[in-house]
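1. sharing a model prediction with you, sequence too.
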Amino acid sequence: ETGVTQSPTHLIKTRGQQVTLRCSSQSGHNTVSWYQQALGQGPQFIFQYYREEENGRGNFPPRFSGLQFPNYSSELNVNALELDDSALYLCASSLQGNYGYTFGSGTRLTVV
Amino acid sequence: GQSLEQPSEVTAVEGAIVQINCTYQTSGFYGLSWYQQHDGGAPTFLSYNGLDGLEETGRFSSFLSRSDSYGYLLLQELQMKDSASYFCAVRELNQAGTALIFGKGTTLSVSS
């Protein structure tokens, strides 16, 4: 079975721009969540999707938005990028009701 | 609000036993998980405790006491490859849905 794959692996954007990050869930997983991890910190929960509906959100502003598609792949969109948005963005998938999340290797976003 | 406390660093030698503690404060507690993350890698799921007591998986064990809002990860027969960051994470059920809230992580350094 394939794991969670994220693209791109690295990205450099300019302040004020918009970015879309992509995630393919592990086969059979119907829940996807996104996290922001700053250097030396733990992952911070952004939001979670189950069956294409958002069913959990952390303390992130509305310029962070997402989508989950019928094939359970997902996108994270960030508008009006700020320097502090520079971080590793992690996607994780799971089966609803299952407690183990499978993480992708992340997208390293640098905002200059 | 939510908070998880764990030591920032732990050092040990090969073959030793180390315990990483985690205390949490959160509403809607639904379980405590542990994840391992090597530098530049994806977090990988180690264990989950939904009920009080000890869960054992090979060299790793995890414990939970819900009345004390406390858990720990026990690593036995340490190996060099165990050098990594370890995160406790609370699965929380709140008004917005479910969320996985991570601690800041404990860096474990294993020396020979």
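-> Arrived safely. Residues are numbered from 1 along each chain as shown, chains lettered A, B, ... in the order given.

2. up against chain B, what does chain A have?
-> A:4, A:33, A:35, A:40-45, A:48, A:54-58, A:90, A:92, A:99-106 (Cβ under 8 Å from any Cβ of the partner chain). Every residue, glycine included, has its C-beta placed from N, CA and C.

3. again, only this time at 7 Å
-> A:33, A:41-43, A:45, A:48, A:55-58, A:90, A:99-101, A:103-106 (Cβ under 7 Å from any Cβ of the partner chain).

4. buried subset of those residues?
-> By neighbour count, with 16 or more other Cβ atoms under 10 Å in any protein chain shown, those hold A:33, A:42-43, A:45, A:48, A:55-58, A:90, A:99, A:101, A:103-106 as buried.

5. hey, which helix or strand in chain B has the poorest pLDDT?
-> When each helix and strand of chain B is scored by mean pLDDT, DSSP states H and E, strand B:97-102 comes last, with a mean of 84.

6. does it reach chain A?
-> Yes: judged by Cβ under 7 Å from any Cβ, strand B:97-102 and chain A are in contact via B:97-102.

7. redo those residues as JSON lines? Include neighbour count.
-> As requested, these are arranged in JSON lines below (neighbours: other Cβ atoms under 10 Å in any protein chain shown):
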{"residue": "B:Gly97", "neighbour count": "16"}
{"residue": "B:Thr98", "neighbour count": "18"}
{"residue": "B:Ala99", "neighbour count": "24"}
{"residue": "B:Leu100", "neighbour count": "23"}
{"residue": "B:Ile101", "neighbour count": "20"}
{"residue": "B:Phe102", "neighbour count": "22"}
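
8. which stretches of chain A form strands?
-> Taking DSSP state E, the strands of chain A run over residues A:5-7, A:10-13, A:19-24, A:31-37, A:44-50, A:53-57, A:64-68, A:74-78, A:87-94, A:102-103, A:107-111.

9. so can I have a markdown table of these showing mean pLDDT?
-> Listed next are the strands of chain A as a markdown table, based on pLDDT from 0 to 100:
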| stretch | mean pLDDT |
| --- | --- |
| strand A:5-7 | 96 |
| strand A:10-13 | 97 |
| strand A:19-24 | 97 |
| strand A:31-37 | 95 |
| strand A:44-50 | 93 |
| strand A:53-57 | 89 |
| strand A:64-68 | 96 |
| strand A:74-78 | 97 |
| strand A:87-94 | 95 |
| strand A:102-103 | 94 |
| strand A:107-111 | 98 |
